[in-house]
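Novice: 3D, please:
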Amino acid sequence: MSTKTTSKSKTAAKQTKASPKQESYLEDEDLDLADQVLDDGYMDVMEDKTVVIFAVGGTIAMKARADGSRVPASSGEDLCAAVPGLKDLCNIEVVNFSNVQSSAVTPDMMLELSKKIQKTLERPEVSGVVVTHGTDTLEETAYFLSISLSDKFQQTAFKPIVLTGAMRGADAVGADGPANILASVRIACHDFNDDVARVMVCLNDQIHSAARVEKTHSANCATFQSPGWGPIGYVDEDMVYFRSGILSEDAGLNFPTPRKLTAKVALVKAVSGDKGEMVDYVVKSGYDGVVIEGFGRGNIPFPMMPSVRRAVKAGLTVVIATRTPAGRVLDCYGYPGSVTDTLEAGCIMAGETTAAKARLLLMYILSQKDAQLMKESEPERFRAYLQECFDLVLSRRLFG
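Specialist: Numbers count the residues shown, from 1 in each chain. As a prediction, this is how the structure comes out:
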C-alpha cells in the first residue's frame, strides 16, 4: 500500500559562509556556531536527524481538473519538492501511504498508519514523523494515533508525530500546503521532553493537541482550532514555541496496539423531538457500543430514554457526548433526559471529547481483549475505567 523514497542534503551551516563579523565573534568567544542556535529546528538538527513524511492524501495533494474540481494528483515527493528550504532542515524520507480524500480514510487505515509510524519511530536516527492528510477527518486520525500508541512504545520512544494538511489545492493561488509542511517538519525536528503532547496538529503555524483540535470552518485556512483551550504553541520564523504542557488526554492508553479493530461503535446525533429510533436500530444491528451526541451539557430528549435503557440492558456501552464545540458533559440537571438520568441508566459521559473522537476511543477500547474481559467479569470496574478515560474528575466523584 505504501512506497518509500529518501532525499538527503548537507547542512545549511556548511553551505552558508559566516560573515566577517560572525567569524570575529566566534573567534573572540571561542564558541561553535551550533551552540548559538537553540531548539529552533534549524542548524542543530540538520545532519543527525531524519524526519519521515507519511503522505495520506487530501486537498494538500490535489490539483484542479479542467472543470475546476480538485482530485488527487501529487505524491509525497511532489509535495516535498514544492517546499523551499525543506531539504536544508534535515534528512527527509517519504512514505506514500495512500492518496485519498480524507472522507475515505477509515479506522482500519488509521490503525495501519499507527503501526507503521510506531515502527518507523523506533529507528534511532528518526527524530519525528509528519503526516500529510485531508482536513475533513484529520482531527480523527490525529486523535486515533494519540490513543493507539502501545504502552511499550510510550515508554521507549518519545518522539513527535505531527499531522498537517491544506485548505487550498497544490496548484491553487496561495496554496498553504508548503508552509504547513515546512512548519510541521520543524516541529518534528524539535528536541522534546515529556511535558509536550506527542501527537500534534499544525496548520497556519499554530500547534494544537490531537485531543482538543477541531476543524471549525469549511474553507478558511485558519479552520483548525481548539475551542475552549486554544493552541499549545506556534511556529515562528526562528523557533518552535510551546506555551502549555501535556494534557492527560494526550497520553496513549495502557494497551498494546491491537492487530485489528473488532468492535462496532455507532454515532447517533440527538435532535429535537427524537424518540430513540436510531438507538433501537443500533441495538438490533449488533453494535457493541454507541455514542449519542446530546445537547449542551449532554442532555437528550426524554422520549429517547427508553431506547437508551434498552441499549444498556442489551450490553451495549453507551457514551453521551455534546454537540457544543467546547465544554464538558456534566450532571448538573435533574429532569428526564438529563445527564443525571443517563448516568443512572448506566451511560458513560464523554467529558470534553467530541462525539467523533469518542467513537474512536470506544471502538479502540472495546477491541482490546483485556477490556472485554474486564467488562464481562467486573462491569462496574470497567465502567469506572472507561469513565476515567473520558473524564477523570467525574470518574473519581462517581466511583471513588
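
Novice: quick one: the helices in the stretch 251-400 of the chain?
Specialist: 277-284, 305-313, 339-344, 355-366, 369-377, 379-390, 392-399 (DSSP state H, counting those that start in this stretch).

Novice: compare these and give me the one nearest E112.
Specialist: Closest to E112 of the helices of the stretch 251-400 of the chain is helix 355-366 (C-beta to C-beta; 13.8 Å). No exception for glycine: its C-beta is placed from N, CA and C like everyone else's.

Novice: by contact count, what packs against the one helix or strand I53 maps to?
Specialist: Per DSSP states H and E, I53 falls inside strand 50-57. For strand 50-57, the elements it packs on are helix 76-81, strand 91-100, helix 107-121, strand 126-132, helix 177-189, judged by 3 or more C-beta pairs under 8 Å, 6 or more residues apart in numbering; DSSP states H and E.

Novice: between these, which gets nearest to K369?
Specialist: helix 107-121 (15.5 Å).

Novice: off-centre distance for that closest one?
Specialist: Relative to the centre of its chain, helix 107-121 is centred 13 Å away, using C-alpha atoms, centre = their mean, to the nearest Å.

Novice: same for that helix, what does it pack against?
Specialist: Partner elements for helix 107-121 (3+ C-beta pairs under 8 Å, 6+ apart): strand 50-57, strand 91-100, strand 126-132, helix 138-147, helix 355-366.

Novice: got the angle between the strand holding I53 and strand 91-100?
Specialist: For strand 50-57 against strand 91-100, the angle by axes from the mean of the first three to the mean of the last three C-alpha atoms, to 10 degrees is 10 degrees.

Novice: can I get strand 50-57 in PDB, CA atoms only?
Specialist: Extracted as PDB, the C-alpha positions of strand 50-57 are listed here (Å, rounded to 0.1, in the frame of the first residue of the first chain):
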ATOM      1  CA  THR A  50      15.700  12.300   9.900                       C
ATOM      2  CA  VAL A  51      12.000  13.200   9.500                       C
ATOM      3  CA  VAL A  52       9.700  10.700   7.800                       C
ATOM      4  CA  ILE A  53       6.800  12.100   5.900                       C
ATOM      5  CA  PHE A  54       3.800   9.800   5.500                       C
ATOM      6  CA  ALA A  55       1.600  11.100   2.700                       C
ATOM      7  CA  VAL A  56      -2.000  10.000   3.100                       C
ATOM      8  CA  GLY A  57      -3.700  12.300   0.600                       C
END
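
Novice: adding mean pLDDT, write the helices and strands packed on helix 107-121 out as CSV.
Specialist: Shown next, in CSV, are the helices and strands packed on helix 107-121 (pLDDT from 0 to 100):
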stretch, mean pLDDT
strand 50-57, 97
strand 91-100, 97
strand 126-132, 96
helix 138-147, 96
helix 355-366, 97
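
Novice: got a markdown table for those, with mean neighbour count and distance to L261 too?
Specialist: Shown next, in a markdown table, are those (neighbours: other C-beta atoms under 10 Å; distance: least, C-beta to C-beta, whole Å):
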| stretch | mean neighbour count | distance to L261 |
| --- | --- | --- |
| strand 50-57 | 25 | 18 |
| strand 91-100 | 21 | 17 |
| strand 126-132 | 26 | 19 |
| helix 138-147 | 25 | 10 |
| helix 355-366 | 24 | 6 |
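
Novice: please tabulate the ones you listed in JSON lines, including the columns distance to L253.
Specialist: What follows is the helices and strands packed on helix 107-121, written out as JSON lines (distance: least, C-beta to C-beta, whole Å):
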{"stretch": "strand 50-57", "distance to L253": "22"}
{"stretch": "strand 91-100", "distance to L253": "23"}
{"stretch": "strand 126-132", "distance to L253": "20"}
{"stretch": "helix 138-147", "distance to L253": "6"}
{"stretch": "helix 355-366", "distance to L253": "7"}
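
Novice: quick revisit: in TSV, list the helices and strands packed on strand 50-57 along with distance to V312.
Specialist: Output for those, formatted as TSV (distance: least, C-beta to C-beta, whole Å):
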stretch	distance to V312
helix 76-81	45
strand 91-100	37
helix 107-121	24
strand 126-132	37
helix 177-189	42
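
Novice: sweet, I'm off.
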